[in-house]
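S.K.: could you work out the structure for the sequence below:
(chains A and B)
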2 protein chains.
Amino acid sequence: MQHAVFSGGARIRPQLCLAVSMACGDNAPELTDAAGVALELMHCASLVHDDMPAFDDADVRRGRPTVHKAFGEPLALLTGDALIVMAYQVLTNACTAYPHRLAPLFQNMSRGVGLPGGIVAGQAWECETSADLALYQRAKTGALFVAATCAGALACGSDPEPWAALGANLGEAYQVADDIRDVILSTSSLGKPSGQDELHHRPSVASDLGLNGAIHHFQRLINQAAESVPACTCKDMLQQLVRLEAERLIPAASYEACLRQSPKPSLVAHS
Amino acid sequence: MQHAVFSGGARIRPQLCLAVSMACGDNAPELTDAAGVALELMHCASLVHDDMPAFDDADVRRGRPTVHKAFGEPLALLTGDALIVMAYQVLTNACTAYPHRLAPLFQNMSRGVGLPGGIVAGQAWECETSADLALYQRAKTGALFVAATCAGALACGSDPEPWAALGANLGEAYQVADDIRDVILSTSSLGKPSGQDELHHRPSVASDLGLNGAIHHFQRLINQAAESVPACTCKDMLQQLVRLEAERLIPAASYEACLRQSPKPSLVAHS
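M.R.: Next up is the predicted model:
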């Protein structure tokens, strides 16, 4: 579990949760922290199971051996299970002083992970012969981003609804970025094998829209994410977080070079 | 998920939860029901993952193909994950009218499933070259039985502590029975392959104590379970439940025949 969690992830979901909570007054910081931790544990659990031979069969994650490579398949399977349970435990333990916030936070997190529209549902689409790309990405990645922004509001006892769009747009941008990175970055700079979407015939925006189209789509989503930040005292900070995250995901320099080199991206042929 | 859950299980954990709740006044029946359902979903999740090739590699469960045999490994992995999440969802949704009971019920269930002493921990012991049999069985089976009796009390807002021993004794008896059944019953009457403990070199009371010793140990545990029922209006009903469950697990006729046939059980040689 330690190997799976402390591996230098970007912690974007907890960051989102904390930022939204700050915008909502952050009146229960220990609850905000727990919500952020719980979301990250869920994310790590999904990575451990997703890397296993039944799915991506990946040897490397964030530049290190994946959990099943380091500790074997049985312990990798159990690691994912235990991280899911621990996510609920962390949240439960932090909620003793706020019993009325526990159920909404739990419902919110479970929606991001379980059926019918969370990570598990998204991963299940990979087992079908064809899948609606938007539906797949919304479930596999978007749902936990929505859960992250909404958790920030719920931890403060605030209405989560105004924050859902920020999570949804950023989540979609994140998935599109992942597809683009899978094509343009090398294995060493990705920290995991590149070219996996094509290899596993996974739905991918980069193969659907071509690299050019995918990059423009990514830029549009980042703009939408920034615009969807509701009026609040932290609006500037949140918009800056969105822009910084965009640059971290796909440095402008890398895709500008890429766009110059390939006016007709080779991947279009596979779409 | 349907295949994993609706397969004719004995539902002993929900039965225990309901029986204890009745003894405690059952003042929130919808919460008791949800707690029982959640525990059974957790149990089913553990069976799905335990049957997978990384663990038992079992083709058959309760007389039907296991989930990975029927739907493939990727969906079996996700089915287990989704059932864990659903267990928390069911409990969350039932708790809206009782916000102060949610956290104790969640902590109780998580303790039965997660680290350091729940199902996941028990299953992890199987990955070690040697394991303390009592510790292994307490985690793999006992913990969820303890969670089941305690959940019945917690759903009523009662103190769970007096009910822990009933769960612990019955859980241990259940695991011993499982070891015995693995030896004396045929694959068809088990509804799953027999002889698995020996095949997978798993810790087993039947190989540690011999069949004779294991059966006496089972009888002792059943007596202890019946005696550990605290004074309450439902004491007779609960003791009868324990006896009926013992007979369902290992019909007296089957082990009496077995004891007559093998005064020196063949398994002692392997212990």
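S.K.: show me where chain A has strands.
M.R.: A:60-61, A:64-65 (DSSP state E).
S.K.: show me the contact partners of the first one.
M.R.: Looking back up the chat, that one is strand A:60-61. For strand A:60-61, the surrounding residues in contact (C-beta atoms under 8 Å, 6 or more residues apart in numbering or on different chains) are A:7, A:47, A:51, A:66, A:69, A:187, A:191, A:192, A:193. In short, each C-beta sits where N, CA and C put it, glycine included.
S.K.: and if we set it to 10 Å?
M.R.: For strand A:60-61, contacts defined as C-beta atoms under 10 Å, 6 or more residues apart in numbering or on different chains pick out A:3-4, A:7, A:9, A:44, A:47-48, A:50-51, A:66-67, A:69-70, A:187-188, A:190-193.
S.K.: measure the most centrally placed residue in chain A to chain B for me?
M.R.: Nearest to the geometric centre of chain A sits residue A:141, at 4.7 Å (C-alpha atoms, centre = their mean). Computed as C-beta to the nearest C-beta, to the nearest Å, the residue A:141 to chain B distance reads 16 Å.
S.K.: show me the shaky parts of the stretch 101-250 of chain A.
M.R.: A:187-188 (pLDDT under 70).
S.K.: for chain B, what's its nearest residue on the stretch 151-271 of chain A.
M.R.: Residue nearest to chain B within the stretch 151-271 of chain A (C-beta to the nearest C-beta): residue A:200, separated by 11.1 Å.
S.K.: neighbours around that residue, how many?
M.R.: Neighbour count for residue A:200, taken as other C-beta atoms under 10 Å in any protein chain shown: 12.
S.K.: ramachandran angles for it?
M.R.: When read as degrees, to the nearest 10, the backbone of residue A:200 gives phi -100, psi 10.
S.K.: show the contacting residues for it.
M.R.: Contacts of residue A:200 were listed using C-beta under 10 Å, 6+ apart, and they are A:55, A:56, A:57, A:126.
S.K.: from those, which are also near chain B?
M.R.: A:55, A:126 (C-beta under 10 Å from any C-beta of the partner chain).
S.K.: now, of the contacts of residue A:200, which are buried?
M.R.: A:55, A:56, A:126 (16 or more other C-beta atoms under 10 Å in any protein chain shown).
S.K.: can you tell me which residues contact the residue nearest to the centre of chain A?
M.R.: Residue A:141 neighbours (C-beta under 10 Å, 6+ apart): A:43, A:46, A:119, A:122, A:170-178.
S.K.: spatially nearest residue to it (excluding sequence neighbours)?
M.R.: residue A:175 (4.2 Å; C-beta to C-beta, 6 or more residues apart in numbering or on different chains).
S.K.: ditto for residue A:174
M.R.: Nearest to residue A:174 is residue A:141, by C-beta to C-beta, 6+ apart, at 5.7 Å.
S.K.: those helices in the stretch 101-250 of chain A, which residues are they?
M.R.: When assigned using DSSP state H, counting those that start in this stretch, the helices of the stretch 101-250 of chain A occupy the ranges A:119-125, A:133-137, A:143-154, A:164-184, A:187-190, A:196-199, A:205-227, A:235-249.
S.K.: deepest-packed of these, please.
M.R.: Greatest average neighbour count among those goes to helix A:143-154 (a mean of 29), per mean count of other C-beta atoms under 10 Å in any protein chain shown.
S.K.: and that one with helix A:205-227, angle?
M.R.: 10 degrees (axes from the mean of the first three to the mean of the last three C-alpha atoms, to 10 degrees).
S.K.: neighbours of residue A:22, how many?
M.R.: Applying other C-beta under 10 Å, we find 18 residues neighbouring residue A:22.
S.K.: relative to residue A:166, how far out is the residue lying closest to it once chain neighbours are set aside?
M.R.: Leaving aside its chain neighbours, residue A:22 sits nearest to residue A:234 (5.5 Å; criterion: C-beta to C-beta, 6+ apart). Distance of residue A:234 to residue A:166, computed by C-beta to C-beta, to the nearest Å: 12 Å.
S.K.: which residues do these two both contact?
M.R.: Common neighbours of residue A:234 and residue A:166, using C-beta under 10 Å, 6+ apart, are A:19, A:20, A:23, A:241.
S.K.: sorry, back to before: buried ones among the contacts of strand A:60-61?
M.R.: Using 16+ other C-beta under 10 Å, the buried ones in the contacts of strand A:60-61 are A:3-4, A:7, A:9, A:44, A:47-48, A:50-51, A:66-67, A:69, A:190-192.
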